[in-house]
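> show me the folded form of this:
(2 chains, ligands or ions: 2)
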Amino acid sequence: MAKLEVRDLHVSVKDEESKSTKEILKGVNLTMQTGEIHAIMGPNGTGKSTLSETIMGKSGYHVTQGDILLDGQSILDMPVDERARRGLFLAMQYPAEVPGVTNAEFLRVAINARRDQDHQISVMDFLQKLDRNLSLLDMKESMTERYLNEGFSGGEKKRNEILQLLMIEPKIAILDEIDSGLDIDALKVVSKGVNSMRGKDFGALIITHYQRLLNYIVPDTVHVMMDGRIVKNGGPELAKKLEAEGYTGLRDELGLDIPLVDDDQ
Amino acid sequence: MNEQELKQISQAHNEPAALWDIRQKAFQLIAKTKLPTMQRFSYQDWPLTTENDLSWLPPKPSNIQPTQFTLLGQMVINHTFPEEWQAKGVRVMDMFQAWHDDPTTMTKYFAKVIKPSESKLTAFHYAYMNSGLIIKVPRNMELKAPLELNLIQDNRIDGGLNSHVLVIAGQNSSCSILQHWSSLGKQVNTLNSMVEVIAEPGSHVNFSALDEIGVSSTVTFNRRALIKRDAEVNWAVGMMNDCNTVGDIDAELVGDGSQAHSNMIGVTGHQQHVGINNRVTNRGKHTLGLINQRGVINDQSELIFNGIGQIIHGAHGSQADQQNRVLVMSEQARGDANPILLIDENDVEAGHAASVGPVDPHQMYYLMSRGIPRKLAEQMVIRGFLGPVLDNIPSANVRQHMINILERKLKNE
Ligand SMILES: Nc1ncnc2c1ncn2[C@@H]1O[C@H](COP(=O)(O)OP(=O)(O)OP(=O)(O)O)[C@@H](O)[C@H]1O
Ligand SMILES: [Mg+2]
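Numbers count the residues shown, from 1 in each chain, chains lettered A, B, ... in the order given. Ligands and ions are numbered 1, 2, ... in the order given. Now for the predicted structure:
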């Protein structure tokens, strides 16, 4: 069992051009544990990716207040790789390309990074696991011999993020817009992959703009984020309501004073 | 040492008059010439031409693993080739033996690609040359297996090494040569290593070099190929020395339709200073010259890559392209990648790309977010960075060996 707690999290970034700091997260509270699927929705630029990158530990995101706990222990001082080895995973909105390193080699190194010297995965076990997950995700074997994400299409990159999820088997995964740029079939395949992980030892935080994804991966809880805060929590029906009414309706209902991109001004 | 002493030593060594003639002229040039200047790299105060001595010492015993041709210091300690090569006229032999047996061939080819008069370093080299070998591949002969040269600087003894390798690739012949440099012992010495390649028309030479000299040496190297009509020479040099090194890799595309691919990987660490010129000169028509260099700079070291592409007037329809990239792995490291293009003809294609910078933080973050520790992630990114050049190294063994040294150099910080 694992538990992730985000407490009153404030995060600032420094704008490289203007040298000014900007507060992006303004007090986020969120608790989730294995066995649960959470979804976060919210308008563009409200800080969803900032939250996920901060949880993962990307540099440049400065926590000015609050804390992030994994199983009761603060992870703020831990480097990225240690957070990952403790069970966190982030499927990124924009995965990096790493030429010269094959996908298969990368997966094996990633799996072995969380095992000690005497318990490295055997080639046989690795290949079997890889085969199983490739067929689950309808991916060609040749994808694993290509360099990591290099020249992958947008959809292929997303699928490859889910392949990593299935191979690494983290305790808690954050999926940042895993559905963006996917065609309908790919969306189903990716959802199938995530659903196959569902169980008492796995929890996910799904960031999406489209309620459609949540038809395939039905969440236990839906959070709405606006202007650096979580402004509303609910069940799957909250996502449906948002899809129908948009964020403006919710903002006005909550009496929030937040400018939204789709405001007609 | 004066000229008279040098002459006595040359005579005592049974060197023919033709070789003495070269030595004598070179000796006189030392005082008249200067060290070559290198863009953005200063090495003028290095002790490169101070150990002016010429002597022959028997090798001390050691437990090195000999390969096909092994030269420990000045002495050949192993020399085994397929009988077939011998029968078909392939010659691989000690430089001085070759001068003794066949001064006519030596006079024809020796010191023709790199001339003694070019600089103080070349003059010094020819005056004090004290080790070397020649390789001659007869016309139309195809050497199927690579020829491995294992050259070892013996730093258990005091004294510089001036090593000369001469490769004569006959018309339409083809061969792959691997020159592996290493050292034994910790005495402070210089190594002046020269390679001349003469690629006769239609020949094809793959020359790979793996330099692994220890920290107590100071190295200059000069590797140059003269490439005749429709011939091709591919350099693949891994500069993995632990010591200060200044070097030149050259391809002279003199014949029409000739080609050169000049691949170079350099890895530096600690307080090391390394400057490399990688030069391709298109002289013949329709010649093709590609330079591809990748460097990784660790610790407080310095690595300068100059890519020098020159297209001479009259080299119609030629192509020159170069990529010079260095990764700077620490804040105290210093690196530069300078493309220098000198183009004197119109109907040619020339291009260049250069970059100097740290490992891509986005790639590092991505790998680490999968639990891969920083050091390992760095190694993976570096492997990827070197990939385009590593992929051009013909022998899988050499490639793997380079990767192993590379990983050792990255780890031992
Ligand atoms: N490194 C950074 N430097 C400067 N500004 C940043 C940085 N990272 C994020 N921001 C800004 O913070 C705000 C929140 O960005 P974030 O990517 O977290 O939004 P998001 O909710 O994920 O949006 P989207 O739905 O478009 O993905 C944006 O205004 C963005 O420009
Ligand atoms: Mg985002």
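
> count of neighbours near B:His204?
18 (other CB atoms under 10 Å in any protein chain shown). (C-beta placed from N, C-alpha, C; glycine too.)

> surely it meets B:Ile177?
No: contact criterion CB atoms under 8 Å: B:His204 and B:Ile177 do not qualify, at 11.6 Å.

> between these two, which contacts overlap?
The overlap between the contact sets of B:His204 and B:Ile177 (CB atoms under 8 Å, 6 or more residues apart in numbering or on different chains) is empty.

> for stretch B:60-69, buried residues please.
Using 16 or more other CB atoms under 10 Å in any protein chain shown as the test for burial, stretch B:60-69 gives B:66, B:68-69.

> what's the answer for stretch A:23-36, then?
For stretch A:23-36, using 16+ other CB under 10 Å, the buried residues are A:24-26, A:28, A:30, A:32-34, A:36.

> just those residues that are near ligand 2?
With the criterion set as CB under 5 Å from the ion, no member of the buried residues of stretch A:23-36 is near ligand 2.

> what is the nearest of those residues to ligand 1?
A:Ile24 (4.3 Å; CB to the nearest ligand atom).

> what's near enough to touch that closest one?
Counting by CB under 8 Å, 6+ apart, A:Ile24 has contacts A:11-13, A:47, A:50, A:61, A:228.

> buried only: go through the residues you listed for me.
For the contacts of A:Ile24, buried by 16+ other CB under 10 Å: A:11-13, A:47, A:50, A:61, A:228.

> I'd like these laid out as TSV, including secondary structure and distance to ligand 2.
Converted to TSV, the buried ones among the contacts of A:Ile24 look like this (DSSP: H, G, I helix; E, B strand; the rest coil; distance: CB to the ion, whole Å):
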residue	secondary structure	distance to ligand 2
A:Val11	strand	14
A:Ser12	strand	17
A:Val13	strand	13
A:Gly47	coil	8
A:Thr50	helix	8
A:Tyr61	coil	13
A:Gly228	coil	13
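
> quick one: which two of those are the most distant?
A:Tyr61 and A:Gly228 (12.4 Å; CB to CB).

> if we can go back for a sec, just the buried ones among the contacts of A:Ile24 that are near ligand 1?
A:13, A:47, A:50 (CB under 6 Å from any ligand atom).

> could you list the domains of chain A?
If you go by automatic domain parsing, the domain ranges for chain A are A:1-78, A:89-173.

> quick one: the strands in chain A?
Ranges of strands within chain A are A:3-14, A:21-33, A:37-41, A:62-70, A:73-74, A:88-91, A:98-102, A:147-148, A:172-176, A:203-207, A:221-226, A:229-234, based on DSSP state E.

> other SSEs contacting the third one?
Put plainly, it is strand A:37-41. Counting contacts by 3 or more CB pairs under 8 Å, 6 or more residues apart in numbering or on different chains; DSSP states H and E, strand A:37-41 packs against strand A:203-207, strand A:221-226, helix A:236-254.

> which of those sits most buried?
strand A:203-207 (a mean of 25; mean count of other CB atoms under 10 Å in any protein chain shown).

> now it: mean pLDDT?
Strand A:203-207 shows a mean pLDDT of 98.

> right, is that strand up against chain B?
No: judged by CB under 8 Å from any CB of the partner chain, strand A:203-207 and chain B are separated, with a smallest distance of 14.7 Å.

> now check stretch B:363-372, is it near ligand 1?
No: judged by CB under 6 Å from any ligand atom, stretch B:363-372 stays clear of ligand 1, getting no closer than 12.0 Å.

> give me the number of residues near A:Arg108?
Count around A:Arg108 with other CB under 10 Å applied: 18.

> report the contact partners of the closest residue to it other than its chain neighbours.
Distances taken as CB to CB, 6 or more residues apart in numbering or on different chains place A:Phe126 nearest to A:Arg108, at 5.6 Å, with adjacent residues excluded. Going by CB under 8 Å, 6+ apart, A:Phe126 touches A:107-108, A:111.

> how much space between the residue most central in space within chain B and B:Ala236?
Geometric centre of chain B, nearest residue: B:Arg223, 4.4 Å, by CA atoms, centre = their mean. Distance, B:Arg223 to B:Ala236, using CB to CB, to the nearest Å: 11 Å.

> what helix or strand does B:Gln271 sit in?
In the assignment (DSSP states H and E), B:Gln271 maps to no helix and no strand.

> what's the burial count for the nearest residue to it once chain neighbours are set aside?
Using CB to CB, 6+ apart and skipping the chain neighbours, the partner closest in space to B:Gln271 is B:Gln300 (5.3 Å). Look at B:Gln300: counted by other CB under 10 Å, it has 16 neighbours.

> quick one: closest of the helices and strands packed on strand A:37-41 to B:Thr49.
Comparing the helices and strands packed on strand A:37-41 by CB to CB, strand A:203-207 comes nearest, at 66.1 Å.

> any chance of the domains of chain A in CSV, plus mean pLDDT?
Shown next, in CSV, are the domains of chain A (pLDDT from 0 to 100):
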stretch, mean pLDDT
domain A:1-78, 96
domain A:89-173, 95
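
> would you turn those domains into a markdown table with distance to A:Asp252?
Output for the domains of chain A, formatted as a markdown table (distance: least, CB to CB, whole Å):
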| stretch | distance to A:Asp252 |
| --- | --- |
| domain A:1-78 | 14 |
| domain A:89-173 | 28 |
